[in-house]
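Engineer: Generate coordinates for the sequence data below:
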Amino acid sequence: MTHLSKRLAAIFLLLVLGAILAACGGDEPLPTATPTKTAVPAATNTPVPTDTPAPPTATPTETVAPTDTPTPTPEGTPTPTLTPTPVAFLSPTEDDVNTRKGPGTDYGKVGMVTQADNLGVFGKSSDGKWYKICCVNGQDAWISSQFAKLSGDTAAIAVIDAPALTDETRADEVAAAGGGVGSGPGTPGRISIGNVVPAVDNPPSGKYFGLCGLRVNRPVREVAPDRPVLTGSTNPLTGQPIDPARLQERIFVARYGNEPAVNDYFGIGAPDLVFEELMDNLNTTRFTTVWLGGDAPQIGPLRSFRSTTIQVAQMFDAPMASSGAVGPNQVFAYQAGIEDLDERCSSAPYFNNPNGGGYQNRVLTSSAKLRAFMANNGLDKGVTVRPFTFSDTPPAGGQPANRVVVPYPNRGFYEVEWRYDAGTGRYARFSGSQRNPLIDGNNGQQVTAANVVIMDVQHDLTDLVEDIVNSYSVRTYIVGKEGPATIIRDGVAIEGRWRVT
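Structural biologist: Have a look, this model is predicted:
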């Protein structure tokens, strides 16, 4: 069994694709394994994961990046040309905004633009949701109107035809990122969400399929006979001392946003566990945080949950605190037996961010409010998870890991680096091309962790649309599964396996 560090054991767990290599120490790639590509049914309720040792036998997988080899223009297809003079100008409202070869996320990416860019506008899509611009990486491109600030003669922006979806223009994120693709009806290249999770029998009607009125009032599940409520004074998630009374309450999960528009990550350094996972289109990440011993006066900003959030809640038998989700995800949470404390349905434990900052920063909560809400609604039933195993010294045989880079597919803002401080025995998190530190907005301190666990997890791109810009949902497979893992602690990386039973 691979032991975690007991030194103020905050644990960061990063869910990655098999094709992603994490560089450690002297930037040598860590061994990873390619996940299975078979879609499976939704997982049932399961207790906490355990770590099982395994010799580092996996061989690094070499991913061939798409090349820029020019493709001849098919005969009879005119080459697009741009109007010599733009009719208006556009500046992105955020940094690291994707542009595409056509008006929609089914088209391939051209490149990223930032708020500092001033781009000429040459037309718009028939629905007005996309603008054709120039130039990005020397090419014309399209950008979503959601991220566009216009200037100039905007009334003169004419509707223009969209380019045909061909092998040349179609998005190839799935192949490039190395995600698994299942079979069945639905959008080509994506698994049908109906093949992953069965539909609800006689689904209730109304807002979010009527689930708002069923979540908190649903009968609390009984404690499994082989999982008694824990006693004692040791936190099962960190190995640190804990008030015995806290073990009679309940673990909860809170879902953080993570994007350039987020101003402050309040309380992000306080949870017992933090999962950072890939989501929409396999090119962004968010944080699912797990709270037992940790407390914070402000937690957030909270955003909508995804497949991974539901499975983390299952693993720890925990209610979820979030702000919204599309209808199918609400149904999946209900099927999983999760107490979904969505802000849109249970407003009591939530409040608005006093600093404002738009929808990406709006919703906050606190550990005190959530614990009071759970107690007042009969959701406390004691902690029944299987404890992690900890040790003061790392096992022998690890390779040096003073610097760990996790190059998530969408580089720039989402690339993550962890740097080891031998004085504290902890890893500090940085991200983006500028390697900005992750700061807890409650105390101004950089987020650090005694343990960084990189989990190789199967990811499938589905046909479920998550938002107004057609971001396709990602299905992960954690509950009831296992796979390769790298545990990074005390300046070394130890190969093993993760398992959720």
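Engineer: How far away from the center of its chain is stretch 387-407?
Structural biologist: 23 Å (C-alpha atoms, centre = their mean, to the nearest Å).
Engineer: Which positions within it qualify as buried?
Structural biologist: 387-388, 390, 394, 398-399, 401-406 (16 or more other C-beta atoms under 10 Å). (Each C-beta comes from the backbone N, C-alpha and C, glycine too.)
Engineer: got the end-to-end distance for that stretch?
Structural biologist: Distance between the two ends of stretch 387-407: 31 Å, counting by C-alpha to C-alpha, to the nearest Å.
Engineer: Stretch 255-266 too?
Structural biologist: Termini of stretch 255-266 sit 12 Å apart (C-alpha to C-alpha).
Engineer: List the contacts of that stretch.
Structural biologist: 94-96, 268, 276, 284-289, 296, 298-305, 309, 320-323, 355, 357-358, 360-361, 364, 413, 438-442, 447 (C-beta atoms under 8 Å, 6 or more residues apart in numbering).
Engineer: Just these: which are in helices?
Structural biologist: T309 (DSSP state H).
Engineer: Please list only the buried members of the contacts of stretch 255-266.
Structural biologist: By 16+ other C-beta under 10 Å, those give 95-96, 268, 276, 284-289, 296, 298-305, 309, 320-323, 360-361, 364, 413, 438-442, 447 as buried.
Engineer: For P387, see how far away L4 is.
Structural biologist: 11 Å (C-beta to C-beta, to the nearest Å).
Engineer: what do the two both touch?
Structural biologist: Shared contacts of L4 and P387 (C-beta under 8 Å, 6+ apart): G239.
Engineer: I figured N329 hits R306, correct?
Structural biologist: Yes: in this structure N329 lies within contact range of R306 using C-beta atoms under 8 Å: 6.7 Å.
Engineer: returning to what we had before: so of the contacts of stretch 255-266, which ones are in strands?
Structural biologist: 276, 285-289, 320-322, 364 (DSSP state E).
Engineer: Run through the stretch 151-300 of the chain and note the low-pLDDT ranges.
Structural biologist: 171-226 (pLDDT under 70).
Engineer: show me what contacts E415?
Structural biologist: E415 makes contact with 405-408, 431-433, according to C-beta under 8 Å, 6+ apart.
Engineer: Backbone torsions only: list them for it.
Structural biologist: phi -70, psi 130 (degrees, to the nearest 10).
Engineer: Find the least confident helix or strand in the protein, judged by mean pLDDT.
Structural biologist: None of the helices or strands of the chain scores lower by mean pLDDT, DSSP states H and E than helix 173-177, at a mean of 28.
Engineer: which element follows that one toward the C-terminus?
Structural biologist: strand 252-256 (DSSP states H and E).
Engineer: now the residue nearest to K129 when sequence neighbours are not counted: how far from D127?
Structural biologist: Sequence neighbours aside, S145 is the residue nearest to K129 in space, at 5.2 Å (criterion: C-beta to C-beta, 6 or more residues apart in numbering). According to C-beta to C-beta, S145 and D127 sit 9 Å apart.
Engineer: Neighbour count for the two, which is higher?
Structural biologist: For the pair S145 and D127, the greater number of neighbours falls to S145 (17 against 10), based on other C-beta atoms under 10 Å.
Engineer: Who are the contact partners of the more buried one?
Structural biologist: 124, 128-131.
Engineer: same question, T476
Structural biologist: Applying C-beta under 8 Å, 6+ apart, the residues near T476 are 15, 277-278, 307-308, 311, 457-460.
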